[in-house]
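**Student:** predicted coordinates and the sequence they were generated for:
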There are 2 protein chains.
Amino acid sequence: MVGTGPGSTDYLSPKALRVLQEADIIVGYKTYVQLIAPLVEGKEIISTGMTREVERCRAAIAQAQKGRKVALVSSGDPGVYGMAGLALEILYQEKLHDLVEVEIIPGITAATAAAALLGAPLMHDFVVISLSDLLTPWELIEKRLALAAQGDFVIVLYNPASHRRKFQIQRAREILLQYKNASTPVGIVRQAYREEEEVIITDLENLLSHSLDMFSILIVGNNQTKKLDNYLVTPRGYVL
Amino acid sequence: MVGTGPGSTDYLSPKALRVLQEADIIVGYKTYVQLIAPLVEGKEIISTGMTREVERCRAAIAQAQKGRKVALVSSGDPGVYGMAGLALEILYQEKLHDLVEVEIIPGITAATAAAALLGAPLMHDFVVISLSDLLTPWELIEKRLALAAQGDFVIVLYNPASHRRKFQIQRAREILLQYKNASTPVGIVRQAYREEEEVIITDLENLLSHSLDMFSILIVGNNQTKKLDNYLVTPRGYVL
């Protein structure tokens, strides 16, 4: 299970590259497999669409059972809303864990990739929350947003919105505004390190006037986070 | 400002490697500079000890002001309790931000490196908290631990203990036990991807019987996290 990092192959580790090149077959989500295609030319590829994660894992496992070396790829890190957990769960449920050898190769996750493009917003304690309620009850997400805001954590939001799903980010913003100033800085990064990359610095007040989708990551500051020109910086507490 | 990832250079991105090789001078914490020494042979190096972060940043900036290309290195990701925020703060405080060009190169942070060695504990919403109270009031850290536990987040603890500092992890455990079962799985990773690497799976009950230091990362599960042999897995919610 290989994390390919954000966007371009410039952030894919030598270890991940080696695993991809040694693999007999590459399994992954279409868009992400395309991004690494130049690295795996000529290899057999199984790619499926979004939300087909269970199918992808089963396909990867079926190939591994045949004795083939399979690279199951996730963009970013495979262990952060990626494929690693699901694949392990299926292996154990199907009692195949003694038959299939597993290695998990970490990658640069979207939160820190986005943070680097924004400056340094994650210099203090932070939470990572997915706003997708396909697999998590919305009430639990609301509760976590409120607790994170009460703790003055920096808040990273994955999957903030899709074309059809705007309610979640609207409601998340309302909850955060119960505890945070409307002027709290917010960074939005879309398609980090890809051709379509967009980096925006705004605030909780104006957040909704920017377009958001499943390729966007939001970082909401804590009460110390400041905007310095085009950077968001959360101080760690050093006396300068 | 370059993130060199965890441990071995196997997890250092091609982009980070290029920046290191193009630099005129490397600035960083001794132990971490030694880890990447084979990649920067022959280059001028300024390395200082732990807790000398402000000094390191100022040294890096002074070199950059002379027109030299400086790589200020952090292990893991420079934006997660690393040097990126501090360097930006100093640049703006000293009004040098128009004179010194900055780029931040993300790296694989210790949280996801440790997670990969443990299996897949970060598959659901998580918080990252540093237990070091050198720069953060201890009361705020306690508050955040309690809120994180109430939100049933997976909890990643950086800087859990040092030779002299054991109180923090003892107290953190007490707080977590107010909200979480004593059987909640805990993963401990020390020196990830280095020669001295140690990976332990235990639980909140038995956590303190293992040795912890500044090179350890702790991951405390949510109420769904399970131990599958030598893996910790937090389910995402797929129906299998």
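**Tutor:** Okay, I see it.

**Student:** residues of the lowest-mean-pLDDT helix or strand in chain A that come out buried?
**Tutor:** None of the helices or strands of chain A scores lower by mean pLDDT, DSSP states H and E than helix A:30-36, at a mean of 88. Judged by neighbour count using 16 or more other Cβ atoms under 10 Å in any protein chain shown, the buried positions of helix A:30-36 are A:33, A:35-36. C-beta: built from backbone N, CA, C; applies to glycine.

**Student:** for chain A, what spans make up the helices?
**Tutor:** Using DSSP state H, the helices found in chain A span residues A:14-22, A:30-36, A:53-65, A:84-93, A:110-118, A:138-150, A:167-177.

**Student:** of those, flag the one that's most buried.
**Tutor:** helix A:110-118 (a mean of 28; mean count of other Cβ atoms under 10 Å in any protein chain shown).

**Student:** state the mean pLDDT of it.
**Tutor:** Confidence over helix A:110-118 (mean pLDDT, whole number) is 98.

**Student:** chain center to that helix: distance?
**Tutor:** 10 Å (Cα atoms, centre = their mean, to the nearest Å).

**Student:** against which helices or strands is that helix packed?
**Tutor:** strand A:154-158, strand A:185-190, strand A:198-203, strand A:216-220 (3 or more Cβ pairs under 8 Å, 6 or more residues apart in numbering or on different chains; DSSP states H and E).

**Student:** the last one packs against which elements?
**Tutor:** For strand A:216-220, the packing partners by 3+ Cβ pairs under 8 Å, 6+ apart come out as helix A:110-118, strand A:154-158, strand A:185-190.

**Student:** mind putting the buried residues of helix A:30-36 into TSV with distance to chain B?
**Tutor:** Formatted as TSV, the buried residues of helix A:30-36 follow (distance: Cβ to the nearest Cβ, whole Å):
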residue	distance to chain B
A:Val33	19
A:Leu35	14
A:Ile36	13
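
**Student:** ok, so of those residues, who is nearest B:Glu139?
**Tutor:** Nearest to B:Glu139 among these is A:Leu35, at 44.9 Å by Cβ to Cβ.

**Student:** measure the closest one to A:Tyr29 for me?
**Tutor:** The gap separating A:Leu35 from A:Tyr29 is 10 Å, by Cβ to Cβ, to the nearest Å.

**Student:** pop the domain breakdown of chain A in here.
**Tutor:** A:2-93, A:110-233 (automatic domain parsing).

**Student:** what stretches of chain A score poorly on pLDDT?
**Tutor:** Scanning chain A with the threshold set as pLDDT under 70 gives A:50.

**Student:** surely A:Tyr32 is in contact with A:Ser75?
**Tutor:** Yes: taking contacts as Cβ atoms under 8 Å, A:Tyr32 lies within contact range of A:Ser75: 4.4 Å.

**Student:** which neighbours do these two have in common?
**Tutor:** Both A:Tyr32 and A:Ser75 are contacted by A:Thr4, under the criterion Cβ atoms under 8 Å, 6 or more residues apart in numbering or on different chains.

**Student:** I'd like the helices and strands packed on helix A:110-118 laid out as TSV, including distance to B:Leu212 and mean neighbour count.
**Tutor:** TSV is the format used below for the helices and strands packed on helix A:110-118 (distance: least, Cβ to Cβ, whole Å; neighbours: other Cβ atoms under 10 Å in any protein chain shown):
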stretch	distance to B:Leu212	mean neighbour count
strand A:154-158	25	25
strand A:185-190	33	23
strand A:198-203	38	17
strand A:216-220	29	27
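
**Student:** so does stretch A:6-15 get close to chain B?
**Tutor:** Yes: residues of stretch A:6-15 are located near chain B by Cβ under 8 Å from any Cβ of the partner chain, namely A:6, A:9-15.

**Student:** drop anything exposed from the residues you listed.
**Tutor:** A:6, A:9, A:11-15.

**Student:** what's around A:Thr225, how many residues?
**Tutor:** The tally of other residues near A:Thr225 (other Cβ atoms under 10 Å in any protein chain shown) stands at 25.

**Student:** residues contacting it?
**Tutor:** So A:Thr225 contacts A:121, A:154, A:184-185, A:232-234 (Cβ under 8 Å, 6+ apart).

**Student:** then A:Glu196?
**Tutor:** A:Arg190.

**Student:** quick check on it: phi, psi?
**Tutor:** Note on A:Glu196: backbone dihedrals following degrees, to the nearest 10 are phi -90, psi 10.

**Student:** mind checking how far it is from A:Ala115?
**Tutor:** Distance from A:Glu196 to A:Ala115, by Cβ to Cβ: 19 Å.

**Student:** same question for A:Leu131.
**Tutor:** 18 Å.

**Student:** what's the answer for A:Ile45, then?
**Tutor:** For A:Ile45, the distance to A:Ala115 - Cβ to Cβ - is 31 Å.

**Student:** ditto for A:Leu39
**Tutor:** Applying Cβ to Cβ to A:Leu39 and A:Ala115 gives a distance of 25 Å.

**Student:** flag every buried residue along stretch A:220-232.
**Tutor:** A:220-222, A:225-228, A:231-232.

**Student:** excluding covalently adjacent residues, which one is nearest to A:Pro121?
**Tutor:** A:Leu232 (4.3 Å; Cβ to Cβ, 6 or more residues apart in numbering or on different chains).

**Student:** with A:Ile201 instead?
**Tutor:** The nearest residue in space to A:Ile201 (Cβ to Cβ, 6+ apart) is A:Gly187, at 5.5 Å.

**Student:** still on that earlier bit, out of the domains of chain A, flag the one nearest A:Glu103.
**Tutor:** domain A:2-93 (7.4 Å).

**Student:** the closest one: how far from the chain's middle?
**Tutor:** The chain centroid and the centroid of domain A:2-93 are separated by 15 Å under Cα atoms, centre = their mean.

**Student:** go on, stretch A:102-121?
**Tutor:** On Cα atoms, centre = their mean, the centre of stretch A:102-121 falls 8 Å from the chain's centre.

**Student:** any idea how far apart the tips of it sit?
**Tutor:** Taking Cα to Cα, to the nearest Å, stretch A:102-121 runs 34 Å from one end to the other.

**Student:** check stretch A:147-164 too.
**Tutor:** Stretch A:147-164: ends 27 Å apart by Cα to Cα.

**Student:** is that stretch anywhere near chain B?
**Tutor:** Yes: using Cβ under 8 Å from any Cβ, stretch A:147-164 reaches chain B at A:147-148, A:150-153.

**Student:** how about those, which pair is most distant?
**Tutor:** A:Leu147 and A:Asp152 (10.9 Å).

**Student:** next one: the most centrally placed residue in chain A from A:Ala116, what distance?
**Tutor:** What sits nearest the mean C-alpha location of chain A, by Cα atoms, centre = their mean, is A:Ala110, with 4.4 Å. Relative to A:Ala116, A:Ala110 is positioned 11 Å away (Cβ to Cβ).
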